[in-house]
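Asker: how does the following fold in three dimensions:
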Amino acid sequence: MPPSRTEEDRRRFLAWFGGAGLTSTLLPGVLWAQMENAPRVTLDMVKAAEKIAGLEFTEAQRQLLLEGVNQNLGRFEKMRQIPLPNSVPSCLRFSPILPGMKFDTVRLPIKPSKVPALKRPSNLEDVAFWPVTHLAQLIRTKQVKSVELTEMYLTRIKRYDPKLLFQITSTEDLAMTQAKQADSEIAAGHYRGPLHGIPWGAKDLISRKGYKTTWGAGPFKDQIFDYDATIMERLDAAGAVLVAKLSSGELAGGDTWFGGQTKNPWNPAEGSSGSSAGPASATSAGCVGFSIGTETGGSIVGPSTRCSVYGVRPTYGRVSRHGVMTLAWSLDKAGPICRSVEDCALVLNALQGADDRDPTATDLPFNWDATLDIRKLRVGYLKAAFDEPRGTPEEKDNDAAALEKLRSMGVTLKPIDFPDFPIADMMAINYAEFSAAFDDLTRSHRDDLLARQERGSDANLYRTNRFVPAVEYLQVTRIRHLLMEAMARTMSDLDVYLAPITSNRGSGPAAPGNPGRSLVNLNTTMTNMTGHPGVVVRNGINAKGQPTSMTFIGKIYGEAEMLGLAHAYQMATNWHEKHPSLDWS
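Answerer: Numbers count the residues shown, from 1 in each chain. Have a look, this model is predicted:
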């Protein structure tokens, strides 16, 4: 006899009938009694499941499989007795490297650009929007102490966070300790490099020992880990100063967390977009020197576009995810969000590399060269996406102008096609990994505590994905391999390609085979599935005075060339010099 269902299950069951106006009938009680006394799975249940799986069995076949299905339920229950914290990885490991791919394994010293002579302004807050390259020169030349810079950014956080809601936890005490240490080391002649003494903020999916790591979600708002993420360790080693744990949309979904919706500094009437909402908002508002975000399906690209900052989604495996919340084992990545392309390169250089605690992390070199001759690069552009109608006329015009600017810089642009795959549907099925990562949250009904419960919420997604059959998930992984092969063929004679990106204030028509999704949006989804790196780069201003952006997509582990081209374009324009006025404050 199977164990009785809980009183909570019974209450939920009867409450549904109450909502349907049937509590006065015998139907709910009769059905409950039948379910209590029935086998764990019945033939009618099998018939219903067949529809979900797109199958049809005979009555005789159903009778034969019924016993095995019920046995599996017992096996599932045994597996559920084994604790599975979010940090436990899957033994099935995704790799963006296909058979036959070759990579440069020679590690070279980075070649940063030459920063002009800079003088400390009379008002230190005037440097709030300066890039890391400039802040670093002030610190290296001892014109500014890390303590001063840290205090300035902490003051700005306190001033602007009440409106923008980008901070979850202040790490002011730690920041001041790290800043004092940086000043002592620099005074003693021990300068660690361009991140030494630079204040930064971490998306609150990244663990810091002794501080809350809330994942932006109410059920985890008091969670504290007893170890540092590898990202924390590597930025500590670079001498960077952690000033805040920045907001993540709850469980890496959207821009709403348990404290509210993180806002866009250019227009606080709208959200920051994407789950790296806090890092993008704080960086854009000049409240940190740089920040670290994460991406699974667009959570660096989206908020970097909306908040008009430079965000890098590295190649899958470039940056260790040890100590970072898992949402999807085969998709998650972490990367820098900054105020210039070269800042992103410097931060990525500090983060990247192998890690024994993350078996997906690689040891392939990242040879940053700010003087790269971009005329030698093989560059494509996603023509069909650039030709699409856009949400605003300025986006399309600015994209066209950016292509012409690159041509004027000596870059030859080759039109390329988008692989013909049902990208949106593939990603939706692949998101079954979300449900596995947070199985206990759904099973314990603590998902009821999440702030968002509507149709598009993560809570609903986790529940929906419980009904993705294992066979269908594995079939998608095989189709994903075909997609990766198609992309490898496309990139075989390219180093970088260009694609438009939308602020999500509007987009073009649906792409063939992907109803409801334009090629502009699908490019972000596709390159997340294939593991390709990308960087968001400003390319103009819209009618409301807010910058627009485009993306540069690199080859697998081709960040150096991708960022080299993006850096050259940035420096040939002046879009990076603009920042939000914050006059709404």
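Asker: switch to C-alpha atoms for all contacts and neighbour counts from now on
Answerer: Fine.
Asker: which stretches of the stretch 401-550 of the chain have low pLDDT?
Answerer: Where the stretch 401-550 of the chain drops to pLDDT under 70, the residues are 503-517.
Asker: quick check: next helix or strand after the lowest-mean-pLDDT helix or strand in the chain?
Answerer: Using mean pLDDT, DSSP states H and E, the weakest-scoring helix or strand in the chain turns out to be helix 27-37, at a mean of 45. As assigned by DSSP states H and E, the chain's next helix or strand after helix 27-37 is helix 43-53.
Asker: who touches that next one?
Answerer: Residues outside helix 43-53 that contact it (Cα atoms under 8 Å, 6 or more residues apart in numbering): E56, F57, R62, Q63, L66, F467, P469.
Asker: next up, the contacts around the fifth one.
Answerer: For L66, the set of contacting residues under the criterion of Cα under 8 Å, 6+ apart consists of V41, T42, L43, V46.
Asker: can I assume A350 sits in a helix?
Answerer: Yes - counting by DSSP: H, G, I helix; E, B strand; the rest coil, A350 is located in a helix.
Asker: what about it, how many residues nearby?
Answerer: 18 (other Cα atoms under 10 Å).
Asker: report the contact partners of it.
Answerer: Neighbouring residues of A350 by Cα under 8 Å, 6+ apart: R234, L235, A238.
Asker: and the first one, that's in a strand?
Answerer: It stands for R234. No - counting by three-state DSSP, R234 is not part of a strand but helix.
Asker: thought T412 was touching I374?
Answerer: No - T412 lies out of contact with I374 (Cα atoms under 8 Å); the separation is 9.8 Å.
Asker: can you list the weak-confidence ranges in this structure?
Answerer: Short version for the chain, where the test is pLDDT under 70: 1-39, 503-517, 585.
Asker: right, and P96 touches Y316 too?
Answerer: Yes - using Cα under 8 Å, P96 is in contact with Y316, at 6.6 Å.
Asker: can you give me the strands in the stretch 51-200 of the chain?
Answerer: 167-170, 199-203 (DSSP state E, counting those that start in this stretch).
Asker: K102 is nearest to which of these?
Answerer: strand 199-203 (33.2 Å; Cα to Cα).
Asker: which outside residues touch the closest one?
Answerer: The contact list for strand 199-203, computed with Cα under 8 Å, 6+ apart, reads 146, 149-150, 153, 175, 240-248, 276, 278-279, 288-294.
Asker: narrow those residues to those in helices?
Answerer: Taking DSSP state H as the definition of helices, the contacts of strand 199-203 contribute S146, L149, T150, Y153, A175, G278, P279.
Asker: in the residues you listed, find the pair that's most separated.
Answerer: Pairwise over those, using Cα to Cα, the maximum falls at S146 and G278, 22.6 Å.
Asker: looking at the two, which is more packed in?
Answerer: G278 (39 against 31).
Asker: K333 versus the residue most central in space within the chain, what's the distance?
Answerer: Closest residue to the average C-alpha location of the chain: E295 at 1.4 Å, with Cα atoms, centre = their mean. Per Cα to Cα, to the nearest Å, E295 is found 5 Å from K333.
Asker: shared neighbours, those two?
Answerer: R313.
Asker: how many neighbours does P131 have?
Answerer: Quick note: P131 (other Cα under 10 Å) scores 21 neighbours.
Asker: no, scratch that, I was asking about L65
Answerer: The number of residues near L65, taken as other Cα under 10 Å, comes to 14.
Asker: again, but for D236
Answerer: Neighbours of D236 using other Cα under 10 Å come to 17.
Asker: and G216, by the same measure?
Answerer: 29.
Asker: D583 too?
Answerer: For D583, using other Cα under 10 Å, the count is 7.
Asker: and it, which of the three is it?
Answerer: Strictly by three-state DSSP, D583 counts as coil.
Asker: now the helices for the stretch 301-450 of the chain?
Answerer: 301-307, 341-351, 383-387, 393-408, 423-430, 432-437, 439-443 (DSSP state H, counting those that start in this stretch).
Asker: give me the contact list for the first one.
Answerer: This means helix 301-307. Against helix 301-307 from outside (Cα under 8 Å, 6+ apart): 264-266, 272-277, 280-281, 284, 295, 310-313, 337, 501-504, 524, 535-536, 548-549.
Asker: now do the longest one
Answerer: With contact meaning Cα under 8 Å, 6+ apart, helix 393-408 is reached by 386, 389-390, 413, 500, 502, 539-543, 548-550, 569.
Asker: among the residues you listed, name the ones in strands.
Answerer: L413, P500, N539, G540, I541, T548, S549, M550 (DSSP state E).
Asker: the fourth one pairs with what?
Answerer: I take that to be G540. Assessed by DSSP bridges, G540 has beta-bridge partners T548.
Asker: what's it in contact with, if anything?
Answerer: Here G540 is in contact with E395, N398, P547, T548, S549, W575 (criterion: Cα under 8 Å, 6+ apart).
Asker: how much space between the second one and E59?
Answerer: Read it as N398. When N398 is compared with E59 (using Cα to Cα), they lie 62 Å apart.
Asker: which two from the contacts of helix 43-53 end up farthest apart in space?
Answerer: Applying Cα to Cα across the contacts of helix 43-53, the maximum distance is between Q63 and F467, 22.1 Å.
Asker: pick the most buried one from the strands of the stretch 51-200 of the chain.
Answerer: Mean neighbour count (mean count of other Cα atoms under 10 Å) peaks for strand 199-203 among those, with a mean of 29.
Asker: mind saving the C-alpha coords of it as PDB?
Answerer: What follows is strand 199-203, C-alpha atoms only, in PDB (Å, rounded to 0.1, in the frame of the first residue of the first chain):
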ATOM      1  CA  PRO A 199      36.200  48.900  -6.200                       C
ATOM      2  CA  TRP A 200      33.900  46.300  -7.800                       C
ATOM      3  CA  GLY A 201      30.500  44.600  -7.300                       C
ATOM      4  CA  ALA A 202      29.400  41.000  -7.600                       C
ATOM      5  CA  LYS A 203      26.100  39.600  -8.700                       C
END
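Asker: does A269 sit in a helix, a strand or a coil?
Answerer: strand.
Asker: any chance you could read off phi and psi for the closest residue to it other than its chain neighbours?
Answerer: Among residues not flanking A269 along the chain, K263 sits closest, at 7.1 Å (Cα to Cα, 6 or more residues apart in numbering). Note on K263: its backbone torsions stand at phi -110, psi 160 [degrees, to the nearest 10].
Asker: also N264?
Answerer: N264 adopts backbone torsions of phi -90, psi 120, taken as degrees, to the nearest 10.
Asker: I'd say it and E270 touch.
Answerer: Yes - if you go by Cα under 8 Å, N264 and E270 touch, sitting 6.0 Å apart.
Asker: if you count what's nearby, which of the two comes out ahead?
Answerer: The neighbour count for N264 versus E270, taken as other Cα under 10 Å, is higher for N264 (28 against 14).
Asker: for the stretch 51-200 of the chain, which segments count as helices?
Answerer: Using DSSP H, counting those that start in this stretch, helices in the stretch 51-200 of the chain cover 59-80, 132-140, 146-164, 172-187.
Asker: go on, the stretch 451-585 of the chain?
Answerer: Under DSSP H, counting those that start in this stretch, the stretch 451-585 of the chain gives helices at 458-464, 470-491, 519-530, 559-572.
Asker: among those helices, which is nearest V347?
Answerer: Per Cα to Cα, nearest to V347 of the helices of the stretch 451-585 of the chain: helix 559-572, 12.3 Å.
Asker: now the angle between helix 393-408 and the closest one, please.
Answerer: On the basis of axes from the mean of the first three to the mean of the last three Cα atoms, to 10 degrees, helix 559-572 is oriented at 100 degrees to helix 393-408.
Asker: for the remainder of this discussion, apply numbering that starts at 17.
Answerer: Sure thing, new numbering starts at 17, so read that last one as helix 575-588.
Asker: can you point out the buried residues in helix 575-588?
Answerer: E575, A576, E577, M578, L579, G580, L581, A582, H583, A584, Y585, Q586 (16 or more other Cα atoms under 10 Å).
Asker: what angle separates that helix from helix 357-367?
Answerer: Going by the same axes, to 10 degrees, helix 575-588 makes 150 degrees with helix 357-367.
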